[in-house]
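Visitor: what follows is a predicted protein model with its sequence.
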Amino acid sequence: MNTPQPPRWAKQLLRWLHPENSIEEVEGDLDELYAYNYRKGPMDKAGKRRALWRYLLNLITVIPPFVRRRRDKPKYEQPSFISRDMLKTYFKLAYRNILKNKAYSVINISGLAIGLASSILILLWVQNELSYDKFHKNADRIYRIVGDFGDLKIALNTEGMPAGLKQEMPSIRNTVRLSEISKALLEVNDKRFEEERVYYADSSFMSVFSFPLVMGDRATALKRIDGVLITQDMATKYFGTQNPIGKVLRKDNHENVVVTGVLANIPANSDLQFDFIFPMTALEKTKDAQRNVWESFSYHSYIQLANSFEPSPAHLTALEKQINQIFKKHTSFQVVFQLQSLTKIHLSPTRLGDSPGHGNAQYVNIFFITAILILVVACINFMNLATARSARRAKEIGLRKAVGAIRTQLVLQFLSESVFISFVSLLLSVGIVFLFLPIFNTISDRALAMPVSDPRFWGSLFGIALLTGLVSGSYPALFLSGFNPIKVLKGNMKSMGGNLLFRNALVVTQFTVSIVLLVGTVVIYNQLKFIKDRNPGFEKANLLYMPITGDLWNRQQALKTELKQNPLTADFAITSDLPTNLINGNLGANWEGKDPNLQTVVQLMDVNEDFVDVFRLKLAAGRSFSRSFPADSNNFIVNEKMLSIMGLTAMTAIGKALTFTGYNGTIIGVVKDFNVKPIQQAIEPLILRYNKSGGFVVIRTLPGKTGPTIKALATLSKQLNPAYPFKFNFVDQDLNNLYKGEQQMGSIFNLFAVLGIFVSTLGLYGLSAFMAEQRTKEIGVRKVLGASVLDVVYLLSSGITKLILIAIVIAIPLSWYAVSSWLSGFAFHINVGWLVFFTASLVAMAIAWLTVSYESVKAALVNPIASLRID
Amino acid sequence: MRRTYLGEFEELVLLTIGVLHGQAYGVSISQQIEQHTGRIVTFGAIHNTLVRLEEKGFVASELGGATTERGGRRKRFFTLTTLGKSAIVDIHQLRNRLWDLMPDAALNLSGI
């Protein structure tokens, strides 16, 4: 028989109205009572009605307002796992764990600190490279006009063009031209210096750029034709503490200039570096200079765009197109002009005429990647050691879980431990950076400083440390917190073999990075050595030179006679330019049968009869200039590259007519190719003209007689050119200075490669020490059974060999790609042979073996009694 | 002596729970009281009293397991707490003392 049920509507009513937390039992009780009453009475209609009445009566008494609400039992609040107390606990635990395992903590913290310090140093350098010229107020609206002659990319522009463009283009608000960096002899009272950081600039210079003016009037500072702007350093150098404004300087022995303003010292992160700015009008005051032509590329020109102009890429391309069109109206030169944003000049590929100290975007990338790699290696150390030690902490985790820790809490515990360690390391690394910044500045030739007052700097340090902590703690946190408490407390550790693969992968990653760094070091070293030792086509050693300044050239006869008379200086030549970084070039070479569409920039040097001899150049055909051929003053010597452009061979070239820079002459000699530019650049066509204008006296000194030669030259200079200070230098030193950037890069890279490798070795050491410790008993048993020390060392070290071999296989293509792309920036470079990779791999292997074997040998030498007696 | 304020009906319910010993829930309590007192007690009165007693701490309750009876709805079983037990013991002792003090004559039926 079915249980009788009260009508559905009544139950529904009950469910609506009765308090929710007691509905279940009340509804059940009422149903039961209904059934009881129904069955108790006569089983007829009246009985059912009576039962229903009872039910409804009961129902009314258990609905509001009659019912009494059951109060919910007060629940115990689950404390949040990021509450203050828990956080305090996490950090307390981290602190205790650090103290408990001192050796591992030292390895972890020092590794991370070195990694962080390296990254901070590199990032400071990178930040500095990226900050160039950003201090100008209008930096985003200033562009430099540069031109491409086919492959030849120059930073210079013509004299007439900026003004001409401004006239036709309303989007150009202002233009400023700057001469190439030049020299001036300045004198006040007894102080006389030849200044080498001198520019001539249009008067708009001060309104386009924002170099701060300490004294003087910005608007008129460059208006006076005999004015000059000097920097604070120069003001002190010439005038001491006196007010320099209005003071007179004697310039180049023949005119007086007045100081019209004092600039604050030029910031180190300015692409333009100078001490003096003379007005352009001073340079152009001779009629000859006011040519205003569109064909002679001798000025840097900058434009400032109107505020209404939005410098989007599309607009800029249109602007460039317009500039090129206007240029075409003035001349038939085939030049393509481009606009270079002021802030991007420093790191753009070097152009001919770029200011010294030009940056290199590739190096910025290389160092940035290195910084990240070192940090990754340091993080890997942490992860590796933490997972390796997981067995030790398994019991702790099991117990924590058994007493109710949930997984999130354990994850947080481990993360807070690693974050704690990374912050301790950060503190340490800031100290390291403070200590080593001066050394780093010497190596990199920069004036970097920690921006201690900049909250953004601290913010990013904080961010890096937090990220490092989270990344390095993530794997141990997720891995360790996943342990099954029953298994670990029972001592069943087999389930944890899975992390071995991961740990090995990390070791492989570390060593891949190390090998790449090693290959980089070796290749950079070899390339720098190659540069240093390379014969540029002339003998670069023992070449002393003196610029011909002041009156020297007017007295050239006396100069030559004097030089000839002294055996120390007799072997001399006169050349317009030194073959170190030749900038002179000309488009106007012409010969019979020249392709009219061919436009080649031919480099140009004016040399005298002795040049070929003194520089020990080799002639492929013909002869050098000679005193016995008076017609030589119109003739030319060309290099082999020039011949190949002319379509001639050394045999056929001699006697061929050539028109160049207004001279109609013949080719009298062919010189074998030699470098006149840094070896990043390939050899270009070159014409040597007969020297009529001086330049430099270059002396081939006798071996071991350099000192007396300099003395003789100094006497000569004082005698013939008393107004100018005597200056000299060596060609090979100039050549070396050309590669200062590369050398700096090499030293910085070496430093960080060593640090990176050291950090990964540190990690490997920790790991091997741990492994040896874990296998103490095994080693003891093996020794008891007759294993020799060598067997044990082999046992412990063989694992690492496999890993390093894998790392080598991965690292070789990576490093090959990396060094090839660096070397491709040099027209002349070493070939990276297998030896380099072999050496680097061997070194990495040796480092790894040494690291691992130290602990292995230590473990193998332990008396088995000592290791087996315990338990 | 601890003073426990229990109403007459509350006392009744409390005693019934003791009587039922572990099997006390809404229906059984109401049936017991009806059976012993002959009163018709509304379910609401029982329910409210139980809730009140629990609030006062005299009884504790726990939901029983689900059964096939009552459409699977669970019963709420009531047990006496220590406080509840001592409360009825107190009341019982008080009554006994009073009974003992009562002279026999007072209960003489005829009164004559």
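Guide: Everything's here; your move.
Visitor: interface residues of chain B facing chain A?
Guide: Applying Cβ under 8 Å from any Cβ of the partner chain, we find that chain B lies next to chain A at B:25-27, B:30-31, B:42-45, B:47-48, B:51-52, B:54-55, B:63, B:69-71, B:73-76. Glycine gets a C-beta too; all of them are placed from N, C-alpha and C.
Visitor: out of those residues, which are inside strands?
Guide: Assigned to strands by DSSP state E, the following of the residues of chain B next to chain A qualify: B:63, B:76.
Visitor: which ones among the residues of chain B next to chain A are found in helices?
Guide: Using DSSP state H, B:26-27, B:30-31, B:43-45, B:47-48, B:51-52, B:54-55 are the members of the residues of chain B next to chain A that sit in helices.
Visitor: of the residues of chain B next to chain A, keep whichever come out buried.
Guide: Neighbour-count burial within these applies to B:25-27, B:30-31, B:42-45, B:47-48, B:51, B:54, B:70, B:73-76; the criterion is 16 or more other Cβ atoms under 10 Å in any protein chain shown.
Visitor: pLDDT weak spots in the chain?
Guide: Just going to use chain A. Residues of chain A that meet the criterion pLDDT under 70 lie in A:1-2, A:73-82, A:286-292, A:391, A:491-499, A:870-871.
Visitor: wait, chain B was what I had in mind.
Guide: If you take pLDDT under 70 as the line, chain B has these spans: B:1-4, B:109-112.
Visitor: right, and chain A sits closest to which residue of it?
Guide: B:G44 (2.2 Å; Cβ to the nearest Cβ).
Visitor: which residue ranges of the stretch 1-150 of chain A form helices?
Guide: With helices called from DSSP state H, counting those that start in this stretch, the stretch 1-150 of chain A shows them at A:8-17, A:23-40, A:45-61, A:84-100, A:102-130.
Visitor: how far off centre is the shortest one?
Guide: Think helix A:8-17. Chain-centre distance of helix A:8-17: 77 Å, with Cα atoms, centre = their mean, to the nearest Å.
Visitor: and if you look at the second one?
Guide: Shown here is helix A:23-40, whose average C-alpha point lies 83 Å from the average C-alpha point of the whole chain (Cα atoms, centre = their mean).
Visitor: okay but the residue of chain B closest to chain A is in contact with A:V67, surely?
Guide: Yes: at 6.3 Å, B:G44 counts as touching A:V67 under the criterion of Cβ atoms under 8 Å.
Visitor: ok so, going back, will you turn the ones in helices among the residues of chain B next to chain A into a markdown table that also has distance to A:A787?
Guide: A markdown table is the format used below for those (distance: Cβ to Cβ, whole Å):
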| residue | distance to A:A787 |
| --- | --- |
| B:G26 | 79 |
| B:V27 | 80 |
| B:S30 | 84 |
| B:Q31 | 84 |
| B:F43 | 85 |
| B:G44 | 87 |
| B:A45 | 88 |
| B:H47 | 81 |
| B:N48 | 84 |
| B:V51 | 78 |
| B:R52 | 81 |
| B:E54 | 74 |
| B:E55 | 77 |
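Visitor: among those residues, give me the pair with the biggest separation.
Guide: Checked with Cβ to Cβ, these reach their widest spread between B:Q31 and B:E55, with 24.0 Å between them.
Visitor: count residues in the vicinity of A:K564, would you?
Guide: 12 (other Cβ atoms under 10 Å in any protein chain shown).
Visitor: the one 3 residues further on too?
Guide: Taking other Cβ under 10 Å as the neighbour definition, A:P567 ends up with a count of 11.
Visitor: one more: A:I531?
Guide: Count around A:I531 with other Cβ under 10 Å applied: 22.
Visitor: next one: A:G786
Guide: 7.
Visitor: please apply the same query to A:P596.
Guide: 6.
Visitor: how near is it to A:E396?
Guide: Separation of A:P596 from A:E396 (Cβ to Cβ, to the nearest Å) stands at 86 Å.
Visitor: repeat for A:S182
Guide: On the measure of Cβ to Cβ, A:S182 and A:E396 end up 73 Å apart.
Visitor: one more: A:T370?
Guide: From A:T370 to A:E396 the distance is 37 Å (Cβ to Cβ).
Visitor: and for A:A859?
Guide: Separation of A:A859 from A:E396 (Cβ to Cβ): 25 Å.
Visitor: residue of the stretch 401-550 of chain A nearest chain B, please.
Guide: For the stretch 401-550 of chain A, Cβ to the nearest Cβ, closest residue to chain B: A:G404, 23.6 Å.
Visitor: helix, strand, or coil at that residue?
Guide: Under the three-state scheme (DSSP: H, G, I helix; E, B strand; the rest coil), A:G404 adopts coil.
Visitor: domain boundaries for chain A, per the record?
Guide: Structural domains of chain A, as assigned by automatic domain parsing, span the residue ranges A:8-61, A:91-130+A:359-495, A:143-344, A:497-535+A:739-871, A:543-738.
Visitor: just to check, B:I17 is in contact with B:G26?
Guide: No: applying Cβ under 8 Å, one finds B:I17 not in contact with B:G26, separated by 11.2 Å.
Visitor: tell me the angle the helix ranked longest in chain B makes with helix B:43-56.
Guide: In chain B, with assignment by DSSP H, the single longest helix is helix B:82-101. Put simply, helix B:82-101 runs at 100 degrees to helix B:43-56, going by axes from the mean of the first three to the mean of the last three Cα atoms, to 10 degrees.
Visitor: count of residues packed around the one residue in chain A that gets nearest to chain B?
Guide: Per Cβ to the nearest Cβ, A:T61 is where chain A lies closest to chain B, at 2.2 Å. A:T61: 17 surrounding residues under other Cβ under 10 Å.
Visitor: go on, A:L59?
Guide: Using other Cβ under 10 Å: A:L59 sits among 23 other residues.
Visitor: equivalent analysis for A:D610, please.
Guide: 19.
Visitor: how close does it sit to A:Y690?
Guide: From A:D610 across to A:Y690, the span is 12 Å (Cβ to Cβ).
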